[in-house]
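Asks: how would this look folded up:
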Amino acid sequence: MCIPFRFLQLHEIEEALFVFALPGSWIFLLFFARSIRTDDL
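Replies: Alright, predicted model coming up:
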């Protein structure tokens, strides 16, 4: 998703997407990792 902004030299928008996307994806990953762990017990 950030690749078009990098090609267009819009680094501010690219960094803003990283600021919001990385913590959000980490929370999303932890949500599913928690559900997998509880199903295995």
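
Asks: quick check: mean pLDDT across the lengthiest helix in the chain?
Replies: In the chain, ranked by residue count with DSSP state H as the criterion, the top helix is helix 11-40. Here helix 11-40 scores 78 as its mean pLDDT.

Asks: in that helix, which residues are buried?
Replies: E14 (16 or more other CB atoms under 10 Å). Yep, even glycine has a C-beta here, placed from its N, CA and C like the rest.

Asks: other SSEs contacting that helix?
Replies: Using 3 or more CB pairs under 8 Å, 6 or more residues apart in numbering; DSSP states H and E as the contact test, the elements touching helix 11-40 are helix 3-7.

Asks: what pLDDT, on average, does the helix it packs on get?
Replies: 71.

Asks: going forward, count from 679.
Replies: Sounds good: first residue 679 from here, last item helix 681-685.

Asks: chain center to the longest helix of the chain: distance?
Replies: Relative to the centre of its chain, helix 689-718 is centred 5 Å away, using CA atoms, centre = their mean, to the nearest Å.
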